[in-house]
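Student: return atomic coordinates for the entry below.
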Amino acid sequence: MSGRNTATQILKTSGSSYALPFHVPHRARRQAAYVAEALRHGHLRPDGPFFQRAQAWLADHTAAERVVLTNSCTAALEIAALALELGPGDEVIVPTFTFCASATAFERTGARIVFCDINPATMMIDPAALLHRLSDRTRVIVATHYGGGAADMEAILALARRRGIHVVEDAAQGFGTLRNDRALGTFSTFGAFSFHDTKVVSCGQGGALIVNTDDRKLLEQVTSIVERGTDFALVRSGKKAFYEWTSTGSSFQMGELEAAILTAEFEALDENLAARKRVAAALMRGRETLTLPIVPIHADAQTTSNFHFMPVLTRAAREAKDLIASQRKRGIDCRQHYVPLHLSPRAKAMSYGHGALLEAESTWDRLVRLPVHTAMDGCDVEMVLEGLKAWAG
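Tutor: Model (predicted):
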């Protein structure tokens, strides 16, 4: 890393008021050229040249049965929920510590959401707790990968397969992370990625559905849903003259301009991940030299992280607030994260509340996320470390 304060230099375009923003999106060198090329060819709706190019890259990267570029990770989850034909009487298990879309994508089908507790060491679904949330109505388990780490897919899949339950990976934060050298999003029936502006790989707003099954019915369901509930795919292939309405569906796909940006980002993925790894490694080395009242949350030995951010746990909620305030006074934007979903107003209507999932309740407000991004350099790392040292006294 160089000695220039890159994050400060990029401040004017990041929209942050802090000298060191919490996140600055990676910008691949060929983005502008690809967007200009897309504007020249003029095919801006889904299925244009860059859409096909990015989708083919992702299919090769994941070795999935099928890949669908979507306008968000939420859209990808919604396609999965519709394809699985969930409805009233079905139950979907969702970790309580996750973004609300992990639940809403399935709740809108009429299925009942069953929240599950987390392992505080990972902030992800706890397989031991999951066992006790299963019932004869469970149709789906949502496994959210958090902060560049990976959920314990081996344990989750073992529970699911014995009971014929589908697993859907919410890998919104997991693009670029590997578990046992395998991409997240590829372990289960469906995986979902986010390419939102806040993620490791971004096209502003976008996502992808990863389909990891050869079940013909599910594949046909996905095709019809993505075609807005029609059999237009048959018209495209020349098997029909006119398309017809065949199922539920919607406009879920990504546009060409976003796909052009995403193509550039895919091609620069190795460079992006290497830069994040250098920043994270420098932060970890420096933190180990300090005596701090925090516990880092590391990816386990089976996981190669994308270093989406660096989560740590303080001893108490008050300390987390003090740490964030202290860092922000020094111009460093640190943040907390989700309020557990079972404590939300929406969940109260489902008869959830305090005392239901104790590990999440005792952990969420002690979490602090430190910045890791490709605009950071050695000066920025030192800035974070000096801030931690000053806070700890």
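
Student: buried ones in stretch 76-93?
Tutor: Within stretch 76-93, the residues that qualify as buried by neighbour count (16 or more other Cβ atoms under 10 Å) are 76-84, 86, 90-93. For the C-beta atoms, the positions are set from N, CA and C on the backbone; glycine is no exception.

Student: how much space separates residue 73 from residue 93?
Tutor: Here the distance between residue 73 and residue 93 works out to 19 Å (Cβ to Cβ, to the nearest Å).

Student: again but with residue 146, I slipped
Tutor: Between residue 146 and residue 93 the computed distance is 16 Å (Cβ to Cβ).

Student: same question for residue 126.
Tutor: Using Cβ to Cβ, which is the criterion applied here, residue 126 is 11 Å from residue 93.

Student: list residues touching both of these two?
Tutor: When contacts are counted by Cβ atoms under 8 Å, 6 or more residues apart in numbering, residue 126 and residue 93 have residue 116 as shared neighbours.

Student: quick one: which of the buried residues of stretch 76-93 sit in helices?
Tutor: Using DSSP state H, the members of the buried residues of stretch 76-93 that fall within helices are 76-83.

Student: what sits closest to the residue in the chain sticking out farthest from the centre if chain neighbours are left out?
Tutor: Relative to the mean C-alpha coordinate of the chain, counting by Cα atoms, centre = their mean, the farthest residue is residue 241 (39.7 Å). Leaving out its chain neighbours, the residue that sits closest to residue 241 by Cβ to Cβ, 6 or more residues apart in numbering is residue 235, at 7.1 Å.

Student: for the residue farthest from the centre of the chain, helix, strand, or coil?
Tutor: coil (DSSP: H, G, I helix; E, B strand; the rest coil).

Student: in this structure, where is pLDDT below threshold?
Tutor: Filtered on pLDDT under 70, the chain yields the residue ranges 1-15.

Student: center of it, which residue is that?
Tutor: The centroid of the chain falls nearest to residue 172 when counting by Cα atoms, centre = their mean (1.3 Å).

Student: in this structure that one contacts residue 75, no?
Tutor: No: proximity of residue 172 to residue 75 does not meet the contact threshold set by Cβ atoms under 8 Å, at 11.6 Å.

Student: overlap in contacts of these two?
Tutor: Any residue near both residue 172 and residue 75 by Cβ under 8 Å, 6+ apart counts here, and that gives residue 207.

Student: which one of the ones in helices among the buried residues of stretch 76-93 is nearest to residue 291?
Tutor: Minimum separation from residue 291 among these (Cβ to Cβ) is found for residue 77, which lies at 42.1 Å.

Student: so that closest one makes contact with residue 103?
Tutor: No: using Cβ under 8 Å, residue 77 is not in contact with residue 103; the gap is 9.5 Å.

Student: who touches stretch 320-327?
Tutor: Taking Cβ under 8 Å, 6+ apart as the criterion, the residues outside stretch 320-327 that touch it are 294, 314, 333-336, 365-368, 384, 387-388, 390-391.

Student: farthest pair in these?
Tutor: 365 and 390 (22.4 Å).

Student: ok so, going back, contacting residues for the residue nearest to the centre of the chain?
Tutor: When the contact criterion is Cβ under 8 Å, 6+ apart, the partners of residue 172 are 73, 99, 101, 144-145, 192-194, 196, 199, 207.

Student: try residue 344
Tutor: Each residue near residue 344 by Cβ under 8 Å, 6+ apart is listed here: residue 100.

Student: from residue 75, how far out is it?
Tutor: Using Cβ to Cβ, residue 344 is found at 22 Å from residue 75.

Student: neighbour-wise, which of residue 365 and residue 390 wins?
Tutor: Between residue 365 and residue 390, counting by other Cβ atoms under 10 Å, residue 365 is the more crowded of the two (17 against 12).

Student: I figured residue 45 was touching residue 258, is that so?
Tutor: No: the pair residue 45 / residue 258 is not scored as a contact, 11.5 Å apart, by Cβ under 8 Å.

Student: count the residues that sit near residue 230.
Tutor: Burial measure for residue 230: 18 neighbouring residues, criterion other Cβ under 10 Å.

Student: kindly apply the preceding question to residue 60 instead.
Tutor: By other Cβ under 10 Å, the burial measure for residue 60, its neighbour count, is 11.

Student: name the helix or strand for it, please.
Tutor: With elements delineated by DSSP states H and E, residue 60 resides in helix 49-62, which encompasses its position.

Student: check residue 383 too.
Tutor: When elements are defined using DSSP H and E, residue 383 is found to belong to helix 378-392.

Student: who does that helix touch, helix- and strand-wise?
Tutor: Helix 378-392 is packed against helix 6-9, helix 269-288, helix 317-329, with contacts defined by 3 or more Cβ pairs under 8 Å, 6 or more residues apart in numbering; DSSP states H and E.

Student: quick one, which of these is packed in tightest?
Tutor: Using mean count of other Cβ atoms under 10 Å, the stretch among these with the largest mean neighbour count is helix 6-9, at a mean of 19.

Student: residue 125 reaches residue 156, doesn't it?
Tutor: Yes: with contacts defined as Cβ under 8 Å, residue 125 counts as touching residue 156 at a distance of 7.1 Å.
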